[in-house]
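Q: Okay, sequence plus prediction incoming.
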Amino acid sequence: MSAPGPRIRREKRTVAAMIELYCEDMHHSKGALCPDCQTLHDYAMQRLVRCPFQEDKTTCAKCAVHCYRPAQREQIRVVMRYAGPRMTFRHPILAVRHLLDGRKQPSVRVRPASRPPHAKRDSVE
């Protein structure tokens with residue numbers, strides 16, 4: 001697999017910063033994430049690597065394809081709801097870039113067929 005582009009790298013830094021901020025404030029962790037937040041971080045990084053839109057992606061909240069499982073989606077929503085406003089003070093450049101990325105129009109991508117159409121089969125008599 002090729003290396004991620006600048007958009008995905010920036011999104012990874014932003015999500016990681018949000019999770020770290022949330023974990024530090026809510027779980028009083030210092031230096032390392034708690035096990036629950038580390039699991040969410042690893043899951044989010046995996047989802048970004050597998051994002052079908054890659055460099056054309058908007059923010060996940062505006063995406064047409066919801067690739068997070070429901071439990072993780074709710075977790076990341078809670079983290080972003082808490083950390084989003086606080087990012088302005090802790091990581092202002094990432095916060096502004098994230099807001100600009102959110103203004104980007106979501107990609108409408110038609111997925112290719114997963115397999116070729118089946119040829120008609122001859123009936124066996």
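A: Received the coordinates, thanks.

Q: What is the three-state secondary structure of the residue nearest to the spatial centre of the chain?
A: Nearest to the geometric centre of the chain sits Leu48, at 4.9 Å (CA atoms, centre = their mean). Of the three states, Leu48 takes helix under DSSP: H, G, I helix; E, B strand; the rest coil.

Q: That one contacts Lys12, correct?
A: Yes - between Leu48 and Lys12 there is a contact at 5.6 Å, judged by CB atoms under 8 Å. Backbone N, C-alpha and C define where each C-beta goes, glycine included.

Q: Name the residues contacting each of the two.
A: Pro4 (CB atoms under 8 Å, 6 or more residues apart in numbering).

Q: for Val65, helix, strand, or coil?
A: The three-state label given to Val65 by three-state DSSP is coil.

Q: which residues touch the worst-scoring helix or strand of the chain on mean pLDDT?
A: Every helix and strand of the chain was ranked by mean pLDDT, DSSP states H and E. The lowest is helix 92-103, at a mean of 87. By CB under 8 Å, 6+ apart, the residues outside helix 92-103 that reach it are 7, 10-11, 13-14, 17, 57-59, 61-62, 84, 87-88.

Q: and those as TSV, adding pLDDT and secondary structure?
A: Formatted as TSV, those follow (pLDDT from 0 to 100; DSSP: H, G, I helix; E, B strand; the rest coil):
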residue	pLDDT	secondary structure
Arg7	88	helix
Arg10	92	helix
Glu11	91	helix
Arg13	95	helix
Thr14	95	helix
Ala17	96	helix
Lys57	81	coil
Thr58	78	coil
Thr59	81	coil
Ala61	77	helix
Lys62	79	helix
Gly84	92	helix
Met87	94	helix
Thr88	92	helix
